[in-house]
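Visitor: Here you go, sequence then predicted model.
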Amino acid sequence: MKMSVLASGSTGNSTFIETDKGSVLVDVGLSCKKTDETLNQIGKSLQDINAIFITHEHVDHIKGLKVIAKKYDIPIYANAKTWEAIERKDIIINSAQKFHFNPLEEQDILGMNVQSFNVSHDAIDPQFYTFSQNDKKISLITDTGYVSDTMKGIIKESDVFLFESNHDVDMLRMGRYPWNTKQRILSDVGHVSNEDAAHAMKDVITNNTKRIYLGHLSLDNNIKELARMSVEQILNQYDIDTHSDIMICDTDKAVPTEIYQV
């Protein structure tokens, strides 16, 4: 498998995963045009995409869905409640393109074992995914207020993680957001902080783990250098070497990461 985090943040999220049998996107939170432009930066295009997996109905995860589905005959996977929430946003998808992928389900798609799992977020039924092939595993987990033991059990043993590292708690508390927004972000259905992300990571990192991409960084309450430093500092306290054993990687709201072969 190969992967690239095309975009990650409050303005749009999308991840590209490729096998020898085809390519998929997890979420399409950029416009159709911007998604194709971003794919072009890694030598791909929307014409190369064989499936789309949706995590939940928030706009930063489905912004491009309506136009992409209309222009490209791509199968789209989401759970039943998420489909209902998408349709309430007046995004009507051709029934031939709609596929159900419900929580804690496993399906074989493009030669990968794909498993879904719920996260704790203020959406109707949010879920993320793991992708496994030939003893290699990619796990994506953002948009969750905490990382439960169930989530950890599913994503453990991954070679690569895209892991939420949304905010620095002090920046959030001192920042310009209204108090109710701060409460939402800090709640169990909000987003994981840099520190909480690192403490969860130490429970799922194994000898298989080679890379961790820090995702969904807040534009106002985090910066890449701070997120990386905070995560590395905590992992190093647990004797996890983030210099030679595991690489902590940045993501960006507009610039894709280089394609990485897992």
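Guide: Great, that's in hand. Residues are numbered from 1 along each chain as shown.

Visitor: Going by C-alpha atoms from here, please, whenever you check contacts or count neighbours.
Guide: OK.

Visitor: what sits against M171?
Guide: 221-222 (Cα atoms under 8 Å, 6 or more residues apart in numbering).

Visitor: Across the sheet, point out what pairs with the spatially most central residue of the chain.
Guide: A centroid search over the chain (Cα atoms, centre = their mean) returns L140, at 4.6 Å, as the residue closest to the centre. Assessed by DSSP bridges, L140 has beta-bridge partners L162.

Visitor: Could you tell me which residues make contact with it?
Guide: 128-130, 161-163.

Visitor: which of the residues you listed has the most neighbours?
Guide: F161 (27 neighbours; other Cα atoms under 10 Å).

Visitor: my read: it touches T206, true?
Guide: No. Between F161 and T206 there is no contact under Cα atoms under 8 Å: 11.6 Å.

Visitor: Okay, and E18 sits in which element?
Guide: Secondary structure from DSSP states H and E places E18 in strand 14-19.

Visitor: Would you pull up how far that strand lies from the middle of the chain?
Guide: Averaging C-alpha positions (Cα atoms, centre = their mean, to the nearest Å) puts strand 14-19 11 Å from its chain's average.

Visitor: Equivalent analysis for stretch 232-252, please.
Guide: Using Cα atoms, centre = their mean, the offset of stretch 232-252 from its chain centre is 19 Å.

Visitor: Going forward, the N-terminal residue is numbered 11.
Guide: Sure thing, new numbering starts at 11, so read that last one as stretch 242-262.

Visitor: what's the first-to-last distance across it?
Guide: Distance between the two ends of stretch 242-262: 18 Å, counting by Cα to Cα, to the nearest Å.

Visitor: Identify all contacting residues around that stretch.
Guide: By Cα under 8 Å, 6+ apart, stretch 242-262 touches 15-19, 205, 208-209, 211-212, 219-225, 234, 238, 267.

Visitor: which residues of this structure fall in helices?
Guide: 42-51, 69-72, 75-81, 90-98, 159-165, 179-184, 189-196, 204-214, 234-247 (DSSP state H).

Visitor: mean confidence for the longest one?
Guide: What it means is helix 234-247. Throughout helix 234-247, pLDDT has a mean value of 98.

Visitor: report the angle between the axes of it and helix 204-214?
Guide: Angle, helix 234-247 to helix 204-214, by axes from the mean of the first three to the mean of the last three Cα atoms, to 10 degrees: 40 degrees.
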